[in-house]
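[1] only geometry, no sequence info:
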């Protein structure tokens, strides 16, 4: 247990440091304005729900993300969340059987609560569109099952978070739940559905301008 905690904590700390340094070097902007740009360290915690009978799973992961929001009013905003393709191990009953990459841009509509002093909580809902690429299975798995997966997923994304002003910056804490799944095939036959359905925890810094 101690080793697992350390292996999870160290990558998150490194990614958080990367986000904070990147944000600190950004062009300075005011704390008010229609645009809000953030850099965040994100931890993906997969639900790993599988109906194929293969007990499929993908590894949890920490990675950087970038998001940009536009405020239509002090309360209403739209947020686009972006990152680069993330690589994951595919496992069956705990044994690695392949790898894949996923690119998960997400668009959310948000309501920001005002009049609460230094705290600026918000809620959001929107859509996630995930593209799976570079899907590779071990040769033995290919020979036995001829596996393939559906290459995209569209699902609901829910969000809650808070911005806290700190010296002209916005310290951000964010939590999302995303519906993300793919159909799994053995040759031409659908074997079942693998649901990643991740919970996303993130922390970062932002600027409004």
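    Thanks, I have the structure now. Predicted model only: the values in this text are computed from it and were never measured.
[2] Pull up the gap between the nearest residue to residue 34 once chain neighbours are set aside and residue 112, please.
    Distances taken as C-beta to C-beta, 6 or more residues apart in numbering place residue 71 nearest to residue 34, at 5.1 Å, with adjacent residues excluded. All C-beta spots, glycine's among them, are computed from the backbone N, C-alpha and C. Remark: distance between residue 71 and residue 112 (C-beta to C-beta, to the nearest Å) = 8 Å.
[3] which residues are in contact with both of these two?
    residue 77 (C-beta atoms under 8 Å, 6 or more residues apart in numbering).
[4] for the protein, what are the low-confidence residue spans?
    Residues of the chain meeting the criterion pLDDT under 70: 1-32.
[5] which stretches of it form helices?
    2-24, 139-145 (DSSP state H).
[6] Report the buried residues of whichever strand in the chain runs longest.
    For the chain, the strand with the greatest residue count under DSSP state E is strand 120-137. Residues of strand 120-137 classed as buried: 120, 122, 124, 126, 128, 130, 132, 135, 137 (neighbour count, 16 or more other C-beta atoms under 10 Å).
[7] same question, stretch 184-200
    184, 185, 191, 193, 194, 195, 196, 197, 198, 200.
[8] still on that earlier bit, do you know how far the residue nearest to residue 34 is from residue 157?
    19 Å.
[9] coming back round to it: state the distance from the residue nearest to residue 34 to residue 113.
    Separation of residue 71 from residue 113 (C-beta to C-beta): 13 Å.
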